[in-house]
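Colleague: Quick one: sequence and predicted model below, then my questions.
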Amino acid sequence: MSIEEEKKFLMSEINEYEFHNDNFKIFVEGDKYIGGFLTSKNNKDHPLNIINNCRAVYLSILDFYSAIKFSIENALVYSYDENVNSFEKFKMFSDGYSSQEEMFAYYFLNNAIYRLSSLWDFLAQFYNSLYGLEKNNRKIYYKAFFNSYKDKYAEFRQISNYLIEIIDSNESSEPYRKWSGNHKYLKNYRNKMTHINSPSITIISNYDFNIKDHPLVILKRLCDEFNTLCSFIDTAVSIANSKFLKMNL
């Protein structure tokens, strides 16, 4: 596979799903719609309240989806720059960045990865509102949430199975299909970035041992993960739209 074919495949993953602002708007007349409202606890199960709550979470999904997509698109540009893509110029054991382009590649990769876990939480919060599961949205941890209800909802079981996939390190020669264990890889990457050190810097010490991965390896797993998460969001939106159409408003 040529470099251009690789880039085309990754761009297809990034652009496969689109989400529109009009979803879950409560229109009242023409293009006028209700921007939002508050209800008492006695009315929490009213169909309009459910739609309004889903709309609230969906707006956060849209915001993070757009920001992550923007970061991935920029990461792709810099990761394939000749100063980064060239293994002669990329210094794996350097104690810094080999070029400004490499710094930008890691910057946009890290930005997207950091936001991904929040997008997973928003998906869990959306389902929590949609199905009225009465979990406190501020205390939802997406992995535990989907695992708790995987026997009740088929879509939760699919998500839960994906979240525990094992990393297969032998797939690096197959860039034209999704790798396994992307979520676990990126979760480990984010945890290191948040709690230990920068995973984009090579460190060899008793404090920590970290050999940085090339931006293209991270980019591939990030594009795979983003595409999979967007497919789950797309399913949630379809389920919600179907449910709301059947409501007697």
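Modeller: Noted; the coordinates are in hand.

Colleague: and the residue nearest the centre of the chain, what pLDDT?
Modeller: In the chain, the centroid-proximal residue (Cα atoms, centre = their mean) is Leu116; its distance is 3.9 Å. Here the pLDDT value assigned to Leu116 is 96.

Colleague: any idea how far Leu222 is from it?
Modeller: Distance of Leu116 to Leu222, given as Cβ to Cβ, to the nearest Å: 8 Å. Placement of C-beta: from N, CA and C, glycine included.

Colleague: Common neighbours of the two, please.
Modeller: Common contacts of Leu116 and Leu222 (Cβ atoms under 8 Å, 6 or more residues apart in numbering): Leu186.

Colleague: which residues of the protein fall in strands?
Modeller: Remark: strands assigned in the chain by DSSP state E are 26-29, 32-34, 203-204, 209-210.

Colleague: Would you map the helices across this protein?
Modeller: Remark: helices assigned in the chain by DSSP state H are 3-15, 47-79, 82-85, 100-131, 142-148, 154-163, 182-195, 215-245.

Colleague: Return the most buried member of those helices.
Modeller: Highest mean neighbour count among the helices of the chain (mean count of other Cβ atoms under 10 Å): helix 100-131, with a mean of 21.

Colleague: by contact count, what packs against that helix?
Modeller: For helix 100-131, the packing partners by 3 or more Cβ pairs under 8 Å, 6 or more residues apart in numbering; DSSP states H and E come out as helix 47-79, helix 82-85, helix 142-148, helix 182-195, helix 215-245.

Colleague: Helix 182-195 and that one, what's the angle between them?
Modeller: 110 degrees (axes from the mean of the first three to the mean of the last three Cα atoms, to 10 degrees).

Colleague: Settle this for me: Leu109 is touching Pro215, isn't it.
Modeller: Yes: between Leu109 and Pro215 there is a contact at 6.1 Å, judged by Cβ atoms under 8 Å.

Colleague: and for those two, which residues touch both?
Modeller: Common neighbours of Leu109 and Pro215 (Cβ under 8 Å, 6+ apart) are 75, 79.

Colleague: how near is the closest residue to Lys243 other than its chain neighbours to Cys230?
Modeller: Nearest residue to Lys243, sequence neighbours excluded (Cβ to Cβ, 6 or more residues apart in numbering): Leu130, at 7.0 Å. Using Cβ to Cβ, one gets 18 Å for the distance from Leu130 to Cys230.

Colleague: what do you get for Pro215?
Modeller: Look at Pro215 and Cys230: by Cβ to Cβ, they are 21 Å apart.

Colleague: Below-threshold pLDDT in this structure: ranges please.
Modeller: By pLDDT under 70, the low-scoring segments of the chain are 1, 27, 35-38, 40-44, 170-175, 248-249.

Colleague: Next, the contact list for the closest residue to Glu73 other than its chain neighbours, please.
Modeller: By the measure of Cβ to Cβ, 6+ apart, the closest residue to Glu73 outside its immediate chain neighbours is Ile14, 6.6 Å from it. Neighbour list for Ile14: 69, 72-73, 76, 223, 226-227 [criterion: Cβ under 8 Å, 6+ apart].

Colleague: switch the cut-off to 10 Å
Modeller: 68-69, 72-73, 76, 222-223, 226-227, 230 (Cβ atoms under 10 Å, 6 or more residues apart in numbering).

Colleague: and Asn21, which of the helices of the chain is closest to it?
Modeller: For Asn21, the closest of these is helix 47-79, at 6.5 Å, according to Cβ to Cβ.
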